[in-house]
Every structure is written in structure tokens, then in C-alpha cells.
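Asker: sequence plus predicted model, see below.
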Amino acid sequence: MINLILYPILIPLFTGIISIFFYKKIILQRIFSLLSTSASIIVTLFMIEQINEEGIQTVNLSNWDAPFGITIVSDMLSALLVLTTNIIAFCCIIYSFKGIEREKEAYFYYSIIQFLLVGVIGAFSTGDIFNLFVFFEVMLMASYVLLVLGNTKIQLRETVKYIIVNVVASALFVIAVAYLYSVVGTLNMASISERISQVGGAGILTAIAVLFLIVFGLKGAIFPLFFWLPGSYYAAPIPILALFGALLTKVGVYSIARTYSLFFYNDTYVFSLLGTLALITIVFGSIGSIAYNDVKKIIIYNIVTAIGVILYGFSTFNAVSLNGSIFYLLHDMIIKGALFLLIGVMIFITGTSNLKYMSGLMKKYPLLAWAFFIAALGLAGIPPLSGFVGKLLIIQGAFEDSNYIGSFIVVLSSLFVLLSVIKIFVKGFWGDESDNVTKKPVKTLLLPGCILVLLSILIGIGAEVLSPYISLAAENLLQPENYIHAVLKE
């Protein structure tokens, strides 16, 4: 039963390979992709229950005991992220049936999505720092293909920028791993955590921590390293943008949380630096979100704001703030996926992403309007929707640490977020009907966005049901010895 934690990686891997052989059969590829993500969702639900009952689950590949072999580890945090990843992928695949051109589907589109999932889920599940790099590269190579798919001028230009940034980040990642290995002599994350406490030179560890922050900050888009994100994500087609916006930056956030909680939990300087950068990230994301009249740019900058909020909660590093960060992380993945898919429907109807040319959608598309309105309130953290609980806990945790300025910035950011998305609702759905607004069949496109909005509502209402799982995930971050004992069997 312990091998169950390998299935979320193996299922998309084999699905992607099998789909390649049916590259001319688009319908079969669609079916394979839906079945694959559905199976992964079911498997992950079993995983979560097993972890809840038995604790952290591990698999030592090729029967090499840790720390000598490669270990796959699934604790509650990684399992919850894997589940959320598969739910979002499922919805994006459904949207792709009508929301992506047939020519793009023909170029191994569904196979590449599966390989992207291998990278994302593998990064969430690995217990080896070098294999975290490997899974990052799998994810990034798949994202390069998805981003350039379509061969438009803006896609080619932004893909070049995206590749250059990530090649530099990957090179720095290898350097950081090499420095860390030279200090502790192991790549197993649990073993690193155990040995790092025995290292005398605190200076070298701080330097390594900052280097990891640069690497994961580039991938997670924190200040000042988010410069590449708005343009690169803007160029992607909507279902790919939804996948990227919901998943890719969150892998960077998870990597910061995992490495800092295991390796550098005693270094107050790096947590202070992380908290400062997180707050500046919130400010710049909020400014960007209200500065544009383009629906894609508005939601993209809200990604930056959310990254700052999550990492600020993590930098506070107490039980309450960690609960809030994890809750808000899961919420943001779902609500960002929903919002990107919903604005995709708006763009499909009007043929533009500019708010000036999509007014009056309410009359012909009331379900779309109210689904977007609920998602907008959820994004801003209005109770009782899912964003409220996480943000409240982050603020509460900051107050417990006497971080009043940070708490004020988080609260203020909610107003900017609300202003930015309500602007879309008011200008896009109310007013005189634009000439671009025509009656089109959008049921298939609207369904996945509505599923994610409904899930967000259920998470908000059922926060008490989720609370024990979130608390267990936070406990493992706060007490790294739990992770160490599970992996090293000590």
C-alpha cells in the first residue's frame, strides 16, 4: 500500500507516453487525459486518508535506504497540493476541448500537459534536493512547449525571455545544491536537515539560504524577481495560462517552504529577509493589478500579490500563520484557476481581453457574471468564501508575532485585490452592451470555471472539516523532526 504515493507521478507519465502514440486521435487523447487526472484524484484522496491515519509515507526507490537512495515522500502538505493540482488540471483539460484551437491540440498538447503534471507533482513529492531540480526541469521543459504552442509573434518573444530566466535560475539551483552538498555531504532532504544542525559555519548556510531564495524566488515570482511573469504568462492561451497561474509559481512557493522549514529554520535573518520581500511583493502586485484595463493582466498581477501573502505568512513561522499560509495556498490555486478560465470565456465571447470592449455581458451571460462575482469575492477574502479563512489566520499569526505593519499591508492588499476584480465585474458585465458581445455557446467552457468556484465555496463553508488536515500539514513544517524520522526511520 505504501507504493500508492508513486501513482500520482506514474499515472501522468505513462498517460503522456501513451498519448504520443495516438497523436492523430485527438478524441482518444482527451479521454486518456480525463481518465488519468480522475484516477490521480481518486488515488490522492486515498493517500490523504492514509497519511492522516498512519503519518508521513515514504518510498525508497530501487530499495536503497535513505539517505543513500532517492526517496519519494508524501506528507499532508504535499498530498493536499497534489490533489489540488489534479483537480485544476482536470478542469483545464475540460476547458481545452473547446477553448484551444484544434491545430494546437494536434501538436501533442495533452501529452505535454501530462508531462507538466509529472514535473509539478514530482516536485511536491520528492525527498531529494537534486531530484527537486530534476522535477523542476521536467516541469519547465513541458512549460516551454506549451507556452510556444501556436507560434505567434508574442509567444515566440515571451518564450525566449521565459527560457532565459529559467535557464539562469536552473544554473543557480545547481550551484546552490553543489554548495549545500559540499557542506553536508548528502542530497537527501531529511539527512540534510539532520546534518545541517551540526555545521559550525553559520555564514555559509546563510549564503546558501539566500541563494536558494533567489532560485525559488525567480520561479515563484517574488520581488524583485517577478519581472518576467506578466509578459510570459500573458502570451499563453487561456487553459495553459490557468495551469501556469495556478500551479507553476506555487511550486516555487512550496520549495521555499520545504527547504526553509527543513534546512534554515534557525536562521532568523533569512526569515526576516523573506518576510520583507514578501511584503514588497504584495505592494507591487497590488499596484499592478489596479493599473491595467486588460483582464488577463489584472489576474496575472493578482498572482504576484497572492505569492507575497502566502510567503509572508510562512515567514512569520508560527502555528497559526503556517495554517493560514497553507489554507491560502490551496485557496489561491483553485480561485486563480477559476478566474483565468472565467475570463477565458469572456475573451472567447468578445474576442478581446480589453475591458473597454466587453461591457454588457450580464444580459446574455448571467451565469458567467455571477460565477465571476463569487470568484472575485473569494479572491479578495470576503467571508465566508475560502480566501477569508487563510488570510485571517495569516494576520492573526502576524499579530501574535507583533508584526503590525505586515498585517496592515495584508489587509490593505485585500482592498486593492477587491478593487481590481470588481473593476472587471462592473466594466465587463454592466453598462451598455458592447458591439463585441454576441450570443455564443459557452456551456462547455463555463463548466470547469464553475466547478472550481463551487469548490472554493465548499472550502470556505467547510473550513472546519479541512482544519485538521491543514493543521497536520503545518505541524510537519513547524516540527521538521517528524519529517526526518519518517524518512530516515530513526
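Answerer: That came through, no problem.

Asker: show me the strands in this structure, by range?
Answerer: Listed in chain order, the strands of the chain (DSSP state E) span 57-60, 71-74.

Asker: now for the last one, which elements pack on it?
Answerer: Contact here means 3 or more C-beta pairs under 8 Å, 6 or more residues apart in numbering; DSSP states H and E; on that basis strand 71-74 packs against strand 57-60, helix 109-125, helix 189-196, helix 480-488. C-beta here means a position set from N, CA and C on the backbone, and glycine is covered the same way.

Asker: tell me which of those is the most buried.
Answerer: Each of the helices and strands packed on strand 71-74 was assessed for mean neighbour count using mean count of other C-beta atoms under 10 Å. The highest is helix 109-125, with a mean of 26.

Asker: quick one: list the elements packing against that helix.
Answerer: Using 3+ C-beta pairs under 8 Å, 6+ apart, helix 109-125 is in contact with helix 7-20, helix 26-54, strand 71-74, helix 76-99, helix 129-148, helix 249-263.

Asker: what's the mean pLDDT across the last one?
Answerer: For helix 249-263, the mean pLDDT works out to 92.

Asker: including distance to residue 81 and mean pLDDT, could the strands of the chain go into TSV?
Answerer: Conversion of these to TSV gives the following (distance: least, C-beta to C-beta, whole Å; pLDDT from 0 to 100):
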stretch	distance to residue 81	mean pLDDT
strand 57-60	15	90
strand 71-74	10	92
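
Asker: please save the CA atoms from stretch 71-83 in PDB.
Answerer: Presented in PDB, the C-alpha positions along stretch 71-83 are these (Å, rounded to 0.1, in the frame of the first residue of the first chain):
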ATOM      1  CA  THR A  71      13.200   8.900  -1.600                       C
ATOM      2  CA  ILE A  72       9.700   9.900  -2.500                       C
ATOM      3  CA  VAL A  73       7.900  11.400   0.500                       C
ATOM      4  CA  SER A  74       4.300  12.300   0.900                       C
ATOM      5  CA  ASP A  75       3.300  14.300   3.900                       C
ATOM      6  CA  MET A  76      -0.100  16.100   4.300                       C
ATOM      7  CA  LEU A  77       1.200  19.300   2.700                       C
ATOM      8  CA  SER A  78       2.500  17.600  -0.400                       C
ATOM      9  CA  ALA A  79      -0.600  15.300  -0.700                       C
ATOM     10  CA  LEU A  80      -3.000  18.300  -0.500                       C
ATOM     11  CA  LEU A  81      -1.000  20.100  -3.200                       C
ATOM     12  CA  VAL A  82      -1.000  17.000  -5.400                       C
ATOM     13  CA  LEU A  83      -4.800  16.700  -5.000                       C
END
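
Asker: what's the closest of the helices and strands packed on helix 109-125 to residue 487?
Answerer: For those, the distance to residue 487 is smallest for strand 71-74, at 5.7 Å, taking C-beta to C-beta.

Asker: can I get the helices and strands packed on helix 109-125 in JSON lines with mean neighbour count and distance to residue 453?
Answerer: Listed next are the helices and strands packed on helix 109-125 as JSON lines, based on neighbours: other C-beta atoms under 10 Å; distance: least, C-beta to C-beta, whole Å:
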{"stretch": "helix 7-20", "mean neighbour count": "20", "distance to residue 453": "25"}
{"stretch": "helix 26-54", "mean neighbour count": "18", "distance to residue 453": "18"}
{"stretch": "strand 71-74", "mean neighbour count": "24", "distance to residue 453": "28"}
{"stretch": "helix 76-99", "mean neighbour count": "24", "distance to residue 453": "10"}
{"stretch": "helix 129-148", "mean neighbour count": "20", "distance to residue 453": "24"}
{"stretch": "helix 249-263", "mean neighbour count": "24", "distance to residue 453": "19"}
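
Asker: low-confidence ranges in the stretch 351-490 of the chain?
Answerer: 490 (pLDDT under 70).

Asker: go again with 90.
Answerer: Confidence mapping of the stretch 351-490 of the chain against pLDDT under 90 gives the ranges 351-364, 380-388, 401-403, 428-444, 462-463, 480-482, 486, 488-490.

Asker: can you redo the helices and strands packed on helix 109-125 as a markdown table with distance to residue 471?
Answerer: Compiled in a markdown table, these are given as follows (distance: least, C-beta to C-beta, whole Å):
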| stretch | distance to residue 471 |
| --- | --- |
| helix 7-20 | 23 |
| helix 26-54 | 11 |
| strand 71-74 | 17 |
| helix 76-99 | 9 |
| helix 129-148 | 25 |
| helix 249-263 | 15 |
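
Asker: which among these is found nearest to residue 226?
Answerer: When those are ranked by proximity to residue 226, the top entry is helix 249-263, at 8.7 Å, counting by C-beta to C-beta.

Asker: return the closest one as PDB; C-alpha atoms alone will do.
Answerer: What follows is helix 249-263 as a C-alpha-only set of coordinates in PDB (Å, rounded to 0.1, in the frame of the first residue of the first chain):
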ATOM      1  CA  THR A 249       4.600  29.700  -9.200                       C
ATOM      2  CA  LYS A 250       3.200  27.600  -6.300                       C
ATOM      3  CA  VAL A 251       6.000  25.000  -6.900                       C
ATOM      4  CA  GLY A 252       8.500  27.800  -6.100                       C
ATOM      5  CA  VAL A 253       6.500  28.800  -3.000                       C
ATOM      6  CA  TYR A 254       6.400  25.100  -1.900                       C
ATOM      7  CA  SER A 255      10.100  24.800  -2.500                       C
ATOM      8  CA  ILE A 256      10.800  27.800  -0.200                       C
ATOM      9  CA  ALA A 257       8.500  26.400   2.500                       C
ATOM     10  CA  ARG A 258      10.000  22.900   2.300                       C
ATOM     11  CA  THR A 259      13.700  23.900   2.200                       C
ATOM     12  CA  TYR A 260      13.500  26.700   4.700                       C
ATOM     13  CA  SER A 261      11.500  24.700   7.200                       C
ATOM     14  CA  LEU A 262      13.900  21.800   7.000                       C
ATOM     15  CA  PHE A 263      17.300  23.400   6.400                       C
END
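
Asker: check contacts around the nearest residue to residue 70 once chain neighbours are set aside.
Answerer: The spatially closest residue to residue 70, leaving aside those adjacent along the chain, is residue 61, at 4.6 Å (C-beta to C-beta, 6 or more residues apart in numbering). Contact partners of residue 61, counting by C-beta atoms under 8 Å, 6 or more residues apart in numbering, are 69, 70, 71, 72.

Asker: who's in contact with the third one?
Answerer: The neighbourhood of residue 71, defined by C-beta under 8 Å, 6+ apart, consists of 58, 59, 60, 61, 126, 127, 128, 188, 190, 487.

Asker: nearest to residue 291, out of those: which one, please.
Answerer: Proximity of those to residue 291, judged by C-beta to C-beta, is greatest for residue 126, which lies at 38.1 Å.

Asker: so for the closest residue in space to that closest one that isn't next to it in sequence, what's the pLDDT?
Answerer: Residue nearest to residue 126 in three dimensions, not counting chain neighbours: residue 132, with 5.3 Å by C-beta to C-beta, 6+ apart. At residue 132, the predicted lDDT confidence score is 94.

Asker: residue 132 touches residue 255, doesn't it?
Answerer: Yes: counting by C-beta atoms under 8 Å, residue 132 does reach residue 255; the two are 6.5 Å apart.

Asker: name the residues contacting each of the two.
Answerer: Common neighbours of residue 132 and residue 255 are listed as residue 123 (criterion: C-beta under 8 Å, 6+ apart).

Asker: please report phi then psi for residue 69.
Answerer: According to degrees, to the nearest 10, the main-chain angles of residue 69 amount to phi -100, psi -170.

Asker: which ones are touching the closest residue to it other than its chain neighbours?
Answerer: The spatially closest residue to residue 69, leaving aside those adjacent along the chain, is residue 60, at 5.1 Å (C-beta to C-beta, 6+ apart). Taking C-beta under 8 Å, 6+ apart, we find residue 60 in contact with 66, 69, 70, 71.
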